[in-house]
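S.K.: task: produce atomic coordinates for the following.
(2 chains)
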Amino acid sequence: MATAAASSPSAGERSLNLSLRVIRFGPALILVLLIAIMTLASPFFMTGDNLSNIAVQVAPLACLAIGQLFVVLVGGIDLSVGSVLALCTVTGALAYGWDFGGPLVIPMMLLTGAAVGALNGIMLVKGRMPHAFIPTLATLNAARGLALMLSDGAPMPGMPGIVQTAGGGELGPIPVPIIIVAVFGLLAYVLLAKLQWGRWIYLVGADKEAARRLGIPVDRVIISVFIFSGLAAGLAGVITAGRTNAGYPSAGQLDELAAISAVIIGGASFFGGRGTVGGAIVGVLIFGVINNGLNLLNVSTYVQLIAIGVIVVVAVELDVFRRRLEERFRTIRGQDE
Amino acid sequence: MSAVLEVDSVSKRFGGTTALRDVSLELNEGEVLALLGDNGAGKSTLIKILSGVVKPDDGTIKLDGEPVTIDSPHAARELGIETVYQDLALFDNTGAIGNFFAGREKTRFGWLRWVDDRGMRHDTEEIVDRLQVNLPSADAEIGLMSGGQRQAVACARAIAFGKRIVILDEPTSALGAREAGNVLKLIREAAEQGVSVIVISHNMEHVIEVADRAVVLRQGRYVGEEQPTKQTQEKLVSMIVGGGDR
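M.R.: Alright, predicted model coming up:
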């Protein structure tokens, strides 16, 4: 009986189970390994200042990656987030130029992000586009163009105090960007793991047709994750604008690719339906540790890029390998019966 | 026994072809009805109409004597009609709990829709217990299960949540003898608990084992019905292929 098989799994089943578990914790193991290597290689790495530096540096990327995760979970991709980040800093700067515009700057940035996200989702779903690549490729270009147009192609200096605090302030010993990422990450975790909406995101990612037949509003779920990703880009824009104290139309270039890489390195599946907020953050930290550590070791940025490339390939191959293991698992279970 | 479902003169055309022509049938409470017919006989169209995937052009459908409109899969579920499709519609990235409650998660805190994991686990364990489904555990991922276990989970989901009617499309086609036996047992158990079952199958032995009555469709028309037994098997087959009665 299957129940008996479950209480005393075969040797093959047990070793497969172990391999699957190792793969699940793979990203965290890679991070720990990297940290160990960097600590041994450079005396400056394991210092409070340096660690806090890393965290502050990757804060905008962490926001983008968390937003990206939601899109990847439904089997999509959001290429627009780097451009959207820049557009948000520019619309924020414009709002700051209005009379009494100060308090409107942050809402304006978040609203801009959400609006582009909604546009992405609606174009994809209602426009029946074949893949999320297309609408977000369009807004990758259009949002950057709009940001450059609205700013005449130059940075727009000046941000209200609250935005500067968000980008560079400190609350006691802790930099504010870290607090923002922590709160946002916790919120995203609750949305995904504890609310029905999050459950639906995973189900849509696993099988859209089945989700539709079971009465899940698939189109609405898809549009909503793009809005969330846009909002996350807006939040990344707030931190970036605060740090540079400006609307910055050329900010965030290629950040969409960094965010996608981080999500994939963090164990999310490009096939959809698999991935966690914790994983995405681990992916972002791997990014940060590699860049920072190799900087400390005076390794050129060229090599850093190659290192990231290698890790992306390894992460995706791990996911492919995981799927193969699962298939073997099924076969073994089938034979047991 | 009273009729839970009455299908009255239902027709459906797809472009130039008529998939269903004036088909009527009844389904009684706690009855297992086999729907037989060759490819293109209209079985699939009929169950798609009943599960809200396809809308009929003509005719009425009554549940417990009341005319109903089943205009979406969601509406069908709300009416207590659950369907197990041939591809099972299971989600590999979650367990029996997630699959049983997919799209109808138990939630708390009103609009926040905070999922009630404990409540869903409790209900799932109860269902698994009652229907005697063989599973490693309530949250073992479906993606790691064998074909038989997957089929069992899909059938258990339909039987547990189908308040009135459970529709199964070829539930045993992909299974070995032992696994098929388990599914047939599940179907009988559901019927004993008062749920009505419609089952499509090409396997005459399974039909004889599980069904109280068999309705035969051919080229979109109702051609007759029989109580499926060893004795009526040949007659049913000839009704399906359309020999002998001409």
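S.K.: make it CA atoms for all contacts and neighbour counts henceforth
M.R.: Will do.
S.K.: list the contacts for the residue most central in space within chain B?
M.R.: Nearest to the geometric centre of chain B sits residue B:167, at 1.2 Å (CA atoms, centre = their mean). Counting by CA atoms under 8 Å, 6 or more residues apart in numbering or on different chains, residue B:167 touches B:47, B:81, B:82, B:83, B:84, B:158, B:197, B:198, B:199.
S.K.: near chain A, which residues of chain B?
M.R.: Neighbours of chain A within chain B, by CA under 8 Å from any CA of the partner chain: B:73-74, B:89-93, B:102-103, B:105, B:107, B:112-115, B:134-136, B:143-148.
S.K.: which of the residues you listed fall in helices?
M.R.: Members of these lying in helices (criterion: DSSP state H): B:73, B:74, B:147, B:148.
S.K.: I'd like the residues you listed written out as a markdown table, with pLDDT and neighbour count added.
M.R.: Below are those laid out as a markdown table (pLDDT from 0 to 100; neighbours: other CA atoms under 10 Å in any protein chain shown):
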| residue | pLDDT | neighbour count |
| --- | --- | --- |
| B:73 | 86 | 24 |
| B:74 | 85 | 22 |
| B:147 | 80 | 19 |
| B:148 | 80 | 23 |
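S.K.: quickly find the element holding the nearest residue to residue B:133 once chain neighbours are set aside.
M.R.: Sequence neighbours aside, residue B:152 is the residue nearest to residue B:133 in space, at 6.5 Å (criterion: CA to CA, 6 or more residues apart in numbering or on different chains). Here residue B:152, judged by DSSP states H and E, is contained in helix B:147-161.
S.K.: farthest pair within the contacts of residue B:167?
M.R.: Farthest pair in the contacts of residue B:167 (CA to CA) is B:47 and B:158. Separation: 14.2 Å.
S.K.: from chain A, how far out is the residue nearest to residue B:133?
M.R.: Using CA to the nearest CA, to the nearest Å, residue B:152 is found at 12 Å from chain A.
S.K.: that residue - how many residues pack around it?
M.R.: Look at residue B:152: counted by other CA atoms under 10 Å in any protein chain shown, it has 26 neighbours.
S.K.: now swap in residue A:82 and tell me
M.R.: Residue A:82: 27 surrounding residues under other CA under 10 Å.
S.K.: now do the one 4 residues further on
M.R.: Per other CA under 10 Å, the neighbour tally for residue A:86 reads 32.
S.K.: what's the answer for residue B:116, then?
M.R.: Neighbour tally, residue B:116, other CA under 10 Å: 16.
S.K.: so residue B:5 touches residue B:67, yeah?
M.R.: No: the pair residue B:5 / residue B:67 is not scored as a contact, 9.7 Å apart, by CA atoms under 8 Å.
S.K.: name the residues contacting each of these two.
M.R.: Counting by CA under 8 Å, 6+ apart, the shared contacts of residue B:5 and residue B:67 are residue B:61.
S.K.: those two - which one has more neighbours?
M.R.: With neighbours defined as other CA under 10 Å, residue B:5 and residue B:67 compare such that residue B:5 has more, 22 against 13.
S.K.: which residues touch that one?
M.R.: Listed by CA under 8 Å, 6+ apart, the contact partners of residue B:5 are B:26, B:27, B:28, B:61, B:62, B:63, B:64, B:65.
S.K.: okay, it: pLDDT?
M.R.: Listed pLDDT for residue B:5 reads 94.
S.K.: same thing with residue B:1?
M.R.: The model reports residue B:1 with a pLDDT of 53.
S.K.: now residue B:13: how far from residue B:21?
M.R.: Distance of residue B:13 to residue B:21, computed by CA to CA, to the nearest Å: 8 Å.
S.K.: do residue A:194 as well
M.R.: Distance of residue A:194 to residue B:21, computed by CA to CA: 48 Å.
S.K.: again with residue B:173
M.R.: Here the criterion is CA to CA. By it, residue B:173 lies 27 Å from residue B:21.
S.K.: again with residue A:43
M.R.: Taking CA to CA as the measure, residue A:43 falls 82 Å from residue B:21.
S.K.: tell me who's in contact with the nearest residue to residue A:26 once chain neighbours are set aside.
M.R.: Distances taken as CA to CA, 6+ apart put residue A:267 closest to residue A:26, at 7.8 Å, once the chain neighbours are dropped. Applying CA under 8 Å, 6+ apart to residue A:267 gives the contacts A:24, A:26, A:27, A:274, A:275, A:276, A:279, A:280, A:283, A:315, A:319.
S.K.: PyMOL command to pick out the buried ones of those residues?
M.R.: The following PyMOL line selects those of these that are buried, judged by 16 or more other CA atoms under 10 Å in any protein chain shown:
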select buried, chain A and resi 24+26+27+274+275+276+279+280+283+315+319
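S.K.: for residue A:237, what are its contacts?
M.R.: Residues near residue A:237 by CA under 8 Å, 6+ apart: A:60, A:85, A:86, A:88, A:89, A:109.
S.K.: intersect the residues you listed with the contacts of chain B.
M.R.: Checked against chain B using CA under 8 Å from any CA, the contacts of residue A:237 give no members in range.
S.K.: and these, which two are furthest apart?
M.R.: A:60 and A:109 (13.8 Å).
S.K.: okay, now residue 92: neighbour count?
M.R.: Picking chain A for this. 33.
S.K.: try again with chain B
M.R.: 19.
S.K.: got the confidence number for the spatially closest residue to it that is not a sequence neighbour?
M.R.: Once flanking residues are discounted, residue B:92 sits nearest to residue B:143: 4.0 Å by CA to CA, 6+ apart. For residue B:143, the model assigns a pLDDT of 85.
S.K.: got the contact list for residue B:143?
M.R.: Contacts of residue B:143 by CA under 8 Å, 6+ apart are A:326, A:330, B:91, B:92, B:93, B:94.
S.K.: now, those residues that are in strands?
M.R.: Of the contacts of residue B:143, none are assigned to strands by DSSP state E.
S.K.: out of residue B:13 and residue B:21, which sits in the busier spot?
M.R.: residue B:21 (19 against 15).
S.K.: where does the more buried one land in three-state SS?
M.R.: Counting by DSSP: H, G, I helix; E, B strand; the rest coil, the backbone at residue B:21 sits in strand.
S.K.: residue A:270 too?
M.R.: Recorded secondary structure, residue A:270: coil (three-state DSSP).
S.K.: what parts of chain A come near chain B?
M.R.: Near chain B, the residues belonging to chain A are A:1-3, A:6-7, A:194-197, A:200, A:202-203, A:206-207, A:209-211, A:213-216, A:273-274, A:326-327, A:329-331, A:333-334 when assessed by CA under 8 Å from any CA.
S.K.: could you find the closest non-adjacent residue to the residue at minimal distance from the centre of chain A?
M.R.: Nearest to the mean C-alpha position of chain A, by CA atoms, centre = their mean, lies residue A:65 at 1.2 Å. Excluding the flanking residues, the one nearest residue A:65 by CA to CA, 6+ apart is residue A:259, at 4.5 Å.
S.K.: let me know whether the one you found touches residue A:61 as I believe.
M.R.: Yes: taking CA under 8 Å as the definition, residue A:259 is a contact partner of residue A:61 at 6.2 Å.
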